[in-house]
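J.: sequence and computational prediction follow.
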Amino acid sequence: MEQIQSFLPLILMFVVIYFLMIRPQQKRQKQEKEFEKNLKVGDKIITKSGIHGKILELADDTVVIETMAGRLKMERSAISLELSQKLNTPKKEA
């Protein structure tokens, strides 16, 4: 019985770490994968480096986007989920 009591704080610490750190990160990764999978031609996006553009072509792991400077080919993972969603949400007028 004392062995269980000595391991209880350690087990409790792992449970707390799981729910506060690991689980939210897994949920975020799942959202990003879903976002990358649902991209389509014509979507307006912002990359993680801040480049604004519109998707012209899609491949398995890459996208071709059109920017003011021309066309760029980049990885799907370079597209920012938060910034792209913020760009595509309608703005409220005051």
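T.: Happy to help now that I have it. Numbers count the residues shown, from 1 in each chain.

J.: lowest-pLDDT helix or strand in this protein?
T.: Of all regular secondary-structure elements in the chain, judged by mean pLDDT, DSSP states H and E, the least confident is helix 81-88 with a mean of 83.

J.: how far off centre is that one?
T.: 10 Å (C-alpha atoms, centre = their mean, to the nearest Å).

J.: and the contacts of that helix?
T.: If you take C-beta atoms under 8 Å, 6 or more residues apart in numbering as the criterion, helix 81-88 is touched by 31-32, 35, 43-46, 48, 52. Backbone N, C-alpha and C define where each C-beta goes, glycine included.

J.: do the same with stretch 52-60
T.: 39-47, 63-68, 71-72, 87.

J.: so which of these are in strands?
T.: Among the contacts of stretch 52-60, the subset assigned to strands under DSSP state E consists of 44-46, 63-67, 71-72.

J.: just the buried ones from those?
T.: Of the members of the ones in strands among the contacts of stretch 52-60, the ones counted as buried by neighbours, 16 or more other C-beta atoms under 10 Å, are 45-46, 63, 65.

J.: distance of K27 from M21?
T.: Here the criterion is C-beta to C-beta, to the nearest Å. By it, K27 lies 11 Å from M21.

J.: an error on my part: the question was meant for R71.
T.: Counting by C-beta to C-beta, the separation of R71 from M21 is 40 Å.

J.: what's near enough to touch the residue nearest in space to the middle of the chain?
T.: Per C-alpha atoms, centre = their mean, the C-alpha nearest to the average position across the chain is that of E32, at 3.2 Å. Shown here is E32, whose contacts under the criterion C-beta under 8 Å, 6+ apart are 77, 81.
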